[in-house]
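> Give the three-dimensional model of this entry:
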Amino acid sequence: MSRIGRSPIAVPDGVEVRIADNDITIKGKLGELQMVLASEIRVTMEDKQILFETKDDSNRARQLWGLCRSNVSNMVVGVSEGFTKRLEILGVGYRAAVQGKQLKLDVGYSHSVLYDIPEGITINCEKPTDIAVTGRDKQAVGQVAAEIRSFRKPEPYKGKGIRYVGEYVRRKEGKKK
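Down below sits the predicted model:
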């Protein structure tokens, strides 16, 4: 068992933490995040560190211990630094552009795909083939990146499509004559 729940979370300067029962609110320069923790977990704040303990020794409490600690750690990093997922587009004529509150994707269909950018998420396109999804909520950033990728997943023959930066796409051999 990893016991990740034992390690405390260091709270950086400029981040404010409020704990009320099992409700934790973290406020930083990038905004505010709130979460209701499981009733089996006790959270305390001592000397600019957040500590987690289980109230009993049940399996469920031990399972949620590390989960709650990881989620709160992601919240602290999110409000202080933020999270970014980068996507790249490969294919002739494939491109992306941000138009107001929408992302316009030209990825080989007869029409452009318009994706509404959710609240709390910022999308930048430095080049027409690079997309950067940024936000304070790690789950939301990953979800938006996955939704954008789902419009044209990389195909195994030529590798065309939308992929994460650094993602390995296993290539297949083409048709033989």
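> ok, and what's touching stretch 129-149?
Here stretch 129-149 makes contact (CB atoms under 8 Å, 6 or more residues apart in numbering) with 28, 30-31, 33, 74, 77-79, 82-90, 94-96, 103, 105, 115, 117-118, 120-126, 162-164. Backbone N, C-alpha and C define where each C-beta goes, glycine included.
> pull the CA atoms of it into CSV?
The C-alpha coordinates for stretch 129-149 follow below in CSV (Å, rounded to 0.1, in the frame of the first residue of the first chain):
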residue,chain,number,x,y,z
THR,A,129,-1.3,23.1,-35.4
ASP,A,130,-0.7,23.6,-31.6
ILE,A,131,-3.4,23.8,-29.0
ALA,A,132,-2.7,24.6,-25.3
VAL,A,133,-5.6,23.9,-22.8
THR,A,134,-5.0,25.7,-19.5
GLY,A,135,-7.0,26.0,-16.3
ARG,A,136,-7.0,25.6,-12.5
ASP,A,137,-9.0,22.4,-12.3
LYS,A,138,-6.9,19.3,-13.4
GLN,A,139,-9.9,17.2,-14.1
ALA,A,140,-11.6,19.8,-16.3
VAL,A,141,-8.4,20.5,-18.3
GLY,A,142,-8.0,16.8,-19.0
GLN,A,143,-11.6,16.4,-19.9
VAL,A,144,-11.5,19.3,-22.4
ALA,A,145,-8.3,18.1,-24.0
ALA,A,146,-9.8,14.6,-24.3
GLU,A,147,-13.0,16.1,-26.0
ILE,A,148,-10.9,18.1,-28.4
ARG,A,149,-8.8,15.0,-29.2
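> Please identify the buried residues of that stretch?
Buried residues in stretch 129-149, defined by neighbour count with 16 or more other CB atoms under 10 Å: 131, 133-138, 140-141, 143-145, 148-149.
> again with stretch 4-21
Counting neighbours by 16+ other CB under 10 Å, stretch 4-21 gives 5, 8-9, 11, 15, 17, 19 as buried.
> now, among the residues you listed, which is nearest to residue 158?
The closest of those to residue 158 turns out to be residue 9 (CB to CB; 44.8 Å).
> Distance check, the closest one against residue 141.
Using CB to CB, to the nearest Å, one gets 20 Å for the distance from residue 9 to residue 141.
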